[in-house]
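> Predicted coordinates and the sequence they were generated for:
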Amino acid sequence: MSDAVRRQSGPFRAGDKVQLTGPKGRLNTVALEPDKIFHTHRGGVEHNSVIGRPDGSVVLGTTGEEYLALRPLLNDFVMSMPRGAAIIYPKDAAQILAFGDIFPGARVVEAGVGSGALSLWLLRAIGPTGRLDSFERREEFADVARGNVTSFLGATPVNWTVRVGDLVEELPSVAQPGTIDRVVLDMLAPWECIDEVAEALTPGGVLVCYIATVTQLSRVAEAIRRSGCFTDPDSSETMVRGWHVEGLAVRPDHRMIAHTGFLMSARRLAPGAILPALKRRASKTDFAAEDVEAWTPGSLGERTATDKRLRKAARAAQAGAEFAISAEADVTQPIDPDPAGNLDRAPLEL
């Protein structure tokens, strides 16, 4: 990865993103620019009052309100970044990294880059010695993803490539047989790619699929089994329930992030290996034409973004990327740790 990747610690400087938490707990993420003001209905926060301060400082707004200033975590960024397509939530991204065993130096293929949320998690996991090849069928989504990744990292990673096209057609030209460590599929019909994925994966490599509906879950599982190239797939979903803990008032939150999608994983067998048969009860594994119809995008009620929304998201992501790159390029002179003269005051207490 480029040496220009944004710092995640140290005093705030121009070009950094800061997450400001107001008096009522509302979060706002802004990019710091000298002499700018972040405006709210309760007054403004001068960027100069943040620049030079250490991470985790408390700054005063123009009306005397206190704001907590923290660098946004990747978890925060992906939930607020411009979107062309629905993102993979952090709770599911964490499970993909775990079940996929994504490791530093791994060569990973991702299909269905969407808005780039999972790409950021994968890039962090594989480190500068790994390689991520992302495939996306729609140029608009690819533009949004490129902008979001560059905006967060401050530079476009040299070990990441986004290719616009169909995975089935493009993967053989990108990866030699048996050279890919991990494959992550986030797409409508992952069963269409099983043969090509099996060809590219190294023996023992891991395939992880992120799947929206139970009918899709069933079909991709049977496609994996029929290929004869993988272990029996494991399926799961992840639900996260927060808790309210304040004194003796300890209870589950009233709202939770429940079902967002299914995860299915399987490992590549060695060429020619035959998976030992497992004793299992008889179940319906065949399907007819009417069953296939239930798996089509129309029947599934697939939601797609309008062209206008995609153009807006792409512009927002690209603007963030251009600002991040220019800000990193400007950081060539010694930084005044207190350009606004704020460190002379007594520190504010939370």
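Happy to help now that I have it. Residues are numbered from 1 along each chain as shown.
> Local confidence estimate at residue 278?
At residue 278, the model reports a pLDDT of 73.
> My reading is that it lies in a helix. Confirm?
No. Residue 278: not assigned to a helix; according to DSSP: H, G, I helix; E, B strand; the rest coil it is coil.
> Kindly tell me how buried it is, as a neighbour count.
6 (other C-beta atoms under 10 Å). (C-beta placed from N, C-alpha, C; glycine too.)
> swap in residue 72?
Neighbours of residue 72 under the rule other C-beta under 10 Å: 20.
> One more: residue 55?
Neighbours around residue 55, by other C-beta under 10 Å: 15.
> now do residue 170
Residues near residue 170, counting by other C-beta under 10 Å: 16.
> continuing past the host helix or strand of it, what's the next helix or strand?
Assessed by DSSP states H and E, residue 170 sits inside helix 167-174. Sequence order places strand 180-185 as the next helix or strand after helix 167-174, per DSSP H and E.
> related to what we said a few turns ago, in the helix holding residue 170, which of the residues would be classed as buried?
Judged by neighbour count (16 or more other C-beta atoms under 10 Å), helix 167-174 contains these buried residues: 167, 170-171, 174.
> got it, and stretch 82-89?
So, applying 16+ other C-beta under 10 Å, buried residues of stretch 82-89: 82-85, 87-89.
> ok, now stretch 252-268?
Buried residues in stretch 252-268 (16+ other C-beta under 10 Å): 260-268.
> Kindly indicate which of the residues you listed lies nearest residue 225.
Residue 225 lies nearest to residue 266 out of the buried residues of stretch 252-268, by C-beta to C-beta, at 8.9 Å.
> what about residue 67, distance to residue 80?
When distance is defined by C-beta to C-beta, to the nearest Å, residue 67 is 17 Å away from residue 80.
> out of the two, which sits in the busier spot?
Shown here are residue 67 and residue 80; by other C-beta under 10 Å, residue 67 has more neighbours (24 against 13).
> ok, that one to residue 323 distance?
Counting by C-beta to C-beta, the gap from residue 67 to residue 323 is 21 Å.
> ok, now residue 242?
33 Å.
> okay, these two: which has more neighbours?
residue 323 (17 against 11).
> ok, and what's touching stretch 72-86?
Contact with stretch 72-86 is made by 17-19, 27, 29, 87, 90, 93, 114-117, 120-121, 124, 138, 140-141, 143-145, 147-148, 151-152, 303, 305, 309-310, 312-314, 316-317, 320, as judged by C-beta atoms under 8 Å, 6 or more residues apart in numbering.
> now the helix or strand encompassing residue 203 against strand 180-185, angle please.
Here residue 203 sits within strand 201-211, counting by DSSP H and E. Relative orientation of strand 201-211 and strand 180-185, computed by axes from the mean of the first three to the mean of the last three C-alpha atoms, to 10 degrees: 20 degrees.
> same for strand 201-211, what does it pack against?
Judged by 3 or more C-beta pairs under 8 Å, 6 or more residues apart in numbering; DSSP states H and E, the packing partners of strand 201-211 are helix 90-99, strand 180-185, helix 214-227, strand 262-267.
> Including distance to residue 45, could these go into TSV?
Below are the helices and strands packed on strand 201-211 laid out as TSV (distance: least, C-beta to C-beta, whole Å):
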stretch	distance to residue 45
helix 90-99	27
strand 180-185	39
helix 214-227	45
strand 262-267	40
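> So for residue 246, which of those sits nearest?
So among the helices and strands packed on strand 201-211, helix 90-99 is nearest, using C-beta to C-beta, at 23.5 Å.
> Show residues contacting the following helix or strand past that closest one.
Later in the chain than helix 90-99, the nearest helix or strand by DSSP H and E is strand 107-111. Contacts to strand 107-111, defined as C-beta under 8 Å, 6+ apart, come from residues 102, 118-119, 122, 126, 130-136, 167, 171, 174-175, 179-187, 190, 193, 197, 200.
> relative orientation of the next helix or strand after strand 107-111 and helix 90-99 in degrees?
Using DSSP H and E, the helix or strand that follows strand 107-111 towards the C-terminus is helix 117-126. If you take the same axes, to 10 degrees, helix 117-126 sits at 40 degrees to helix 90-99.
> Just give me how far whichever helix or strand comes after helix 117-126 sits from the chain centre.
Following helix 117-126 in sequence order, the next helix or strand is strand 131-136 (DSSP H and E). In terms of C-alpha atoms, centre = their mean, to the nearest Å, the centre of strand 131-136 is set 13 Å apart from its chain centre.
> Strand 131-136 relative to strand 107-111, how many degrees between them?
Orientation of strand 131-136 against strand 107-111 (the same axes, to 10 degrees) gives an angle of 10 degrees.
> Strand partners (parallel or antiparallel) of strand 131-136?
Strand 131-136 pairs in its sheet with strand 107-111 (parallel), strand 160-164 (parallel), by DSSP bridges.
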